[in-house]
Every structure is written in C-alpha cells, then in structure tokens.
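Undergrad: have a look at this prediction, sequence included:
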Amino acid sequence: MRWENLTVESGGHSRAADTALFGADAVVSRTFDTPEFRGITFHEVRARSIINRVPGASRMPFEWTVNPYRGCSHACVYCFARKTHTYLDLDPGLDFDSQIVVKVNAPELLRRQLGSRRWQGEHIAMGTNVDCYQRAEGRYRLMPGILAALRDHANPFSILTKGTLILRDLDLLVQSAQVTDVGVSVSVGFTDPELWRTVEPGTPAPERRLDVVRTLAEHGIGCGVLMAPVIPFLSDQPAQLRATVQAIAASGATSVTPLVLHLRPGAREWFMAWLGRHHPYLVRRYERLYADGAYAPKWYQRRITRQVHELAQEYGIGPTRAGMPRRILPPEAPEPVVSEPTQLTLI
Ligand code: SF4
C-alpha cells in the first residue's frame with residue numbers, strides 16, 4: 001500500500017511517513033482486540049479538508065459531501081464504493097471491509113470550514129460514499145461533533161445509512177431539524193434474513209434498520225427508505241418485493257425508492273465471486289443480464305420500479321406523508337428510469 005513505512009501493532013499504534021495520499025498530517029494505525037473490531041485495522045489520519053465537491057455534480061441532487069471514513073465494515077458484497085479503495089493501493093475486496101481510514105479531526109475541521117467566509121451554507125450530503133454510521137463510529141464518535149457543527153451553523157444536510165447507531169445522535173438530529181433542513185434516509189433493499197446474512201454481513205438486520213425509521217418518525221424526523229439494491233433473481237420476486245414494501249410502509253417511512261443492483265468495476269468482481277460461491281447456478285444469468293456493463297437492462301429496471309411504485313401506492317407510502325427529506329441518491333446511482341412518486345433520499 002502507499003504508506004510504505006506503516007506498521008501495525010495490536011493495541012498500539014505507529015506512524016507513517018508518506019501521507020500525501022490523504023492530504024493528511026499523519027497516519028496512525030490501530031487494531032482493537034474486541035469481537036466487534038477483530039480483523040479490522042483503523043488508519044487514523046488528520047485530513048486537511050473535509051467538505052468535498054462531488055465530481056460531476058451537475059447530475060447529482062447535491063454538490064457537497066462530508067465523508068469521515070473510507071472503507072466500510074458493513075461489508076456489503078455489492079458496495080459501489082469498493083473501487084475507491086484501490087486509490088489507496090488497497091484492494092476493493094477484503095481490504096475495503098477491514099482497512100478503514102478514519103479522519104479523526106473531521107468535526108473540528110468541519111466547524112472551521114463552515115465558519116469560513118467562503119462557505120455559502122449549501123446542502124451537505126453524508127453517507128453517499130461509505131456509511132458514516134458504520135461500526136467504527138461507535139468507537140471514534142465523529143458524527144456528534146459533525147452534527148453539532150452543522151446545527152450551530154444551521155447548515156442543511158442529509159444522511160443515508162444502514163447503521164442503527166444513528167439513533168445515538170437523535171437529540172442532535174432533532175436540534176438540527178429545528179434550525180435547518182435535515183433529511184435522513186435508511187437503506188433497506190430486502191427483508192430476507194438469509195440473503196441479508198450473506199450479502200450484507202456487517203450490517204444491522206433489515207428489521208433493526210426499519211426500527212430506526214420508526215423511531216425517527218416518532219421524533220418528528222421524516223425518513224425515506226432507499227430500497228437498494230434489489231438483487232436480480234434473489235430479492236426481486238413479487239412476494240419478496242411485496243414483503244419488503246409492506247415492512248417499509250409499516251415502519252412509517254415517508255417514501256420508498258427502488259434501485260436495482262448495479263455492478264461497477266471493483267464491486268462486480270467481488271460480487272460475482274460471492275455469487276459463484278453461494279448461488280453458482282445464477283452466474284450465467286448474471287453474465288447475460290449485465291452483459292452490457294454495470295447496469296441491468298432498462299426494461300428490467302423499469303419493471304422493478306413499476307412494481308415497487310404500485311406496491312407503495314397500495315400500502316400508502318407516497319408524497320402526501322409529512323416530513324419528507326430531500327431526495328439524495330448516492331453518487332454512483334443511475335438516473336431513475338421512471339419518475340418517482342416521492343421525494344426521497346439515499347443508501
Ligand atoms: S453500508 Fe453502504 S458504504 Fe457500507 S459497505 Fe454497505 S453499501 Fe457500502
């Protein structure tokens with residue numbers, strides 16, 4: 001990897017000389033010998049900038065992001081962000097799940113940048129690259145400082161997460177929503193427990209994520225659900241789609257937006273290897289479905305979108321529900337193939 005001088009000591013730390021990669025002042029690597037973090041190495045850096053402009057923002061509903069982490073121990077096999085780990089000379093497979101970069105000065109840096117005369121108070125999206133409420137956040141506690149800075153500057157923001165840890169910061173979300181626009185979305189692509197255990201092994205169970213939606217709604221924070229990804233042949237049967245939309249509706253979600261699995265380089269190789277191990281009979285069907293590239297054919301995407309929208313209507317999820325968050329999709333998400341009935345948020 002690119003930090004040639006880096007060594008890792010269990011329970012301790014070491015420093016790297018080459019940290020130009022992050023625009024950071026130092027890299028310290030740590031491991032923690034607890035069940036929760038076993039096998040994971042955290043690379044602590046002091047970033048020099050924390051508000052990032054989204055490349056090609058013209059097609060995105062947001063222009064600015066804050067990402068306190070790189071890599072994600074939620075370890076979703078299909079994660080579109082896997083390729084970004086190769087920019088660190090780490091691999092997009094196991095390293096993405098277990099070599100986590102932590103920008104330990106993110107809260108203080110954000111507060112300083114929000115206070116700059118050059119900052120215009122624009123919307124900031126979080127969770128659009130990797131999950132800001134992944135397990136590491138339980139130890140590093142960066143988000144409370146980040147949310148407090150956004151609240152104090154009344155700066156609008158949105159969060160997309162699979163992490164139940166967001167409820168730890170409920171008070172800060174409520175306080176922020178009193179002074180600015182706050183959008184929260186939770187990602188739940190399906191409710192099948194077997195599929196969840198193998199394809200999203202580091203995440204809280206779908207039911208726990210829907211509990212987050214429910215709790216946020218009870219505290220006046222409208223929360224949409226990004227139904228992502230819908231996985232061809234594994235979570236796309238009518239009964240599966242119905243069960244998922246029904247559960248989302250029962251959680252009190254303000255909206256549901258389906259997104260079919262896409263397989264960009266980095267994610268594609270990792271996902272296909274997983275598919276070969278767990279569902280080898282599907283490998284040829286996937287090769288045909290994704291023969292033209294990262295996305296399933298438009299006819300397939302349209303079919304799923306139509307089915308989910310019909311179910312959403314049947315179960316009463318729609319634009320009439322109060323407290324809808326801003327619609328924020330992840331940067332790698334394709335343009336919606338049909339217009340959506342709801343205002344909604346992220347993965
Ligand atoms: S939670 Fe999101 S960022 Fe983390 S691995 Fe899963 S898809 Fe990727």
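TA: Sure, I can see it. A quick note: this is a predicted structure, and the numbers were derived from the prediction, not measured.

Undergrad: so residue 289 sits right up against residue 298, yeah?
TA: No. Between residue 289 and residue 298 there is no contact under Cβ atoms under 8 Å: 12.0 Å. (Each C-beta comes from the backbone N, C-alpha and C, glycine too.)

Undergrad: settle it for me: which of these two has more neighbours?
TA: residue 289 (18 against 12; other Cβ atoms under 10 Å).

Undergrad: for residue 303, the count of nearby residues, please.
TA: Count around residue 303 with other Cβ under 10 Å applied: 15.

Undergrad: phi, psi of it?
TA: phi -60, psi -50 (degrees, to the nearest 10).

Undergrad: what about it, distance to residue 258?
TA: 10 Å (Cβ to Cβ, to the nearest Å).

Undergrad: so what sits against both of those two?
TA: Shared contacts of residue 303 and residue 258, defined by Cβ atoms under 8 Å, 6 or more residues apart in numbering, are absent.

Undergrad: so what's the residue of the stretch 151-300 of the chain found nearest the ligand up against?
TA: Relative to the ligand, the nearest point of the stretch 151-300 of the chain is residue 162 (4.4 Å; Cβ to the nearest ligand atom). Residue 162 makes contacts with 74, 76, 131, 133, 186, 187, 188, 200, 203, 204, 209, 347, as judged by Cβ under 8 Å, 6+ apart.

Undergrad: over to residue 110?
TA: By Cβ under 8 Å, 6+ apart, the neighbours of residue 110 are 50, 51, 66, 145, 146, 149, 150.

Undergrad: can we see that at 10 Å?
TA: Residues near residue 110 by Cβ atoms under 10 Å, 6 or more residues apart in numbering: 47, 49-51, 66, 68, 103, 124, 142, 145-150, 153, 155.

Undergrad: could I get the average pLDDT for the helix or strand where it lies?
TA: Assigned by DSSP states H and E, residue 110 belongs to helix 106-114. Average pLDDT, helix 106-114: 98.

Undergrad: pull the distance from that helix to the chain's centre.
TA: Per Cα atoms, centre = their mean, to the nearest Å, the displacement of helix 106-114 from the mean C-alpha position of its chain is 21 Å.

Undergrad: after it, which helix or strand is next?
TA: Assigned by DSSP H and E, the successor of helix 106-114 is strand 124-126.

Undergrad: buried set for that next one?
TA: 124, 125, 126 (16 or more other Cβ atoms under 10 Å).

Undergrad: for that strand, packing partners?
TA: Counting contacts by 3 or more Cβ pairs under 10 Å, 6 or more residues apart in numbering; DSSP states H and E, strand 124-126 packs against strand 64-66, helix 143-152, strand 157-161.

Undergrad: mean neighbour count added to those, as TSV?
TA: Output for the helices and strands packed on strand 124-126, formatted as TSV (neighbours: other Cβ atoms under 10 Å):
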stretch	mean neighbour count
strand 64-66	23
helix 143-152	20
strand 157-161	27
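
Undergrad: now for those, which one comes closest to residue 29?
TA: Closest approach to residue 29 among the helices and strands packed on strand 124-126 is made by helix 143-152 (21.8 Å; Cβ to Cβ).

Undergrad: the inter-axis angle of that closest one versus helix 106-114?
TA: 20 degrees (axes from the mean of the first three to the mean of the last three Cα atoms, to 10 degrees).

Undergrad: for the record, mean pLDDT for helix 143-152?
TA: Computed over helix 143-152, the average pLDDT equals 98.

Undergrad: other SSEs contacting it?
TA: strand 64-66, helix 106-114, strand 124-126, strand 157-161, helix 170-177, strand 182-187.

Undergrad: what's the angle from it to strand 157-161?
TA: Going by the same axes, to 10 degrees, helix 143-152 makes 150 degrees with strand 157-161.

Undergrad: ok, and what's touching helix 143-152?
TA: 50, 66, 68, 105-115, 124, 126, 132-133, 137, 155-157, 159, 161, 163, 165-166, 168-169, 171-180, 182.

Undergrad: redo that, cut-off 8 Å
TA: 66, 68, 106-108, 110-111, 114, 124, 126, 132-133, 137, 155, 157, 166, 168-169, 172-173, 175-176, 179-180.

Undergrad: swap in stretch 168-175?
TA: With Cβ under 8 Å, 6+ apart, stretch 168-175 has contacts from 143-144, 147-148, 151, 166, 182, 184, 215-216, 219-221.

Undergrad: just stretch 231-251 next, same as before
TA: Residues contacting stretch 231-251 (Cβ under 8 Å, 6+ apart): 78, 188-192, 195, 199, 206-207, 210-211, 213-214, 217, 225, 227, 230, 256, 260-261, 279, 282, 285-286, 289, 296, 300, 304, 307-308, 311-312, 314-317.

Undergrad: with only the CA atoms kept, save the helix holding residue 110 in PDB.
TA: C-alpha atoms of helix 106-114 as PDB (Å, rounded to 0.1, in the frame of the first residue of the first chain):
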ATOM      1  CA  ALA A 106     -13.300  15.700  10.900                       C
ATOM      2  CA  PRO A 107     -15.500  17.500  13.500                       C
ATOM      3  CA  GLU A 108     -13.100  20.400  14.200                       C
ATOM      4  CA  LEU A 109     -12.200  20.800  10.600                       C
ATOM      5  CA  LEU A 110     -15.800  20.900   9.500                       C
ATOM      6  CA  ARG A 111     -16.600  23.500  12.100                       C
ATOM      7  CA  ARG A 112     -13.700  25.600  10.800                       C
ATOM      8  CA  GLN A 113     -14.700  25.200   7.200                       C
ATOM      9  CA  LEU A 114     -18.400  26.000   7.900                       C
END
